[in-house]
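> model this:
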Amino acid sequence: MVEPTVMEIRQLKNFGHVVKYIRCDNAGENKLLEASLKPDPIVMEYTAANTPQQNSIVERAFPTLQQEQKR
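Coordinates of the predicted model:
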């Protein structure tokens, strides 16, 4: 996940688009992404603990809702 994301951000930069913020949870791959982007001035914003974004019950409901909308 880290390598393709870094490549995408650099490609956006080549097209004149600047990525200033990335919002994500504090999972290990996102910490690796932050380390890979160190030279770039990108602010990593992490979701707080015990929020709906980190609640597994809520996260599992999203795919279920998406499947129901497709019907």
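
> rest of the way, CA atoms for contacts and neighbours
OK.

> now the helices for the protein?
Assigned by DSSP state H, the helices in the chain fall at 2-14, 28-36, 56-70.

> where does this protein have low pLDDT?
Per-residue confidence of the chain (counting by pLDDT under 70) places the weak regions at 49-71.

> Kindly recompute the last result at 50.
Within the chain, the stretches with pLDDT under 50 are 65.

> just checking, residue 2 touches residue 29?
Yes - if you go by Cα atoms under 8 Å, residue 2 and residue 29 touch, sitting 6.7 Å apart.

> What residues of stretch 25-43 count as buried?
25, 30, 31, 33, 34, 37 (16 or more other Cα atoms under 10 Å).

> So for it, first residue to last residue, what's the gap.
End-to-end distance for stretch 25-43, by Cα to Cα, to the nearest Å: 13 Å.

> Give me the contact list for that stretch.
Residues outside stretch 25-43 that contact it (Cα atoms under 8 Å, 6 or more residues apart in numbering) are 1-2, 5-6, 19-22, 24, 44, 46-48, 53-54.

> ok, of these, which come out buried?
2, 44.

> quick one on the thing from earlier: and which of the buried residues of stretch 25-43 is nearest residue 14?
Within the buried residues of stretch 25-43, proximity to residue 14 (Cα to Cα) peaks at residue 37, which comes in at 15.4 Å.
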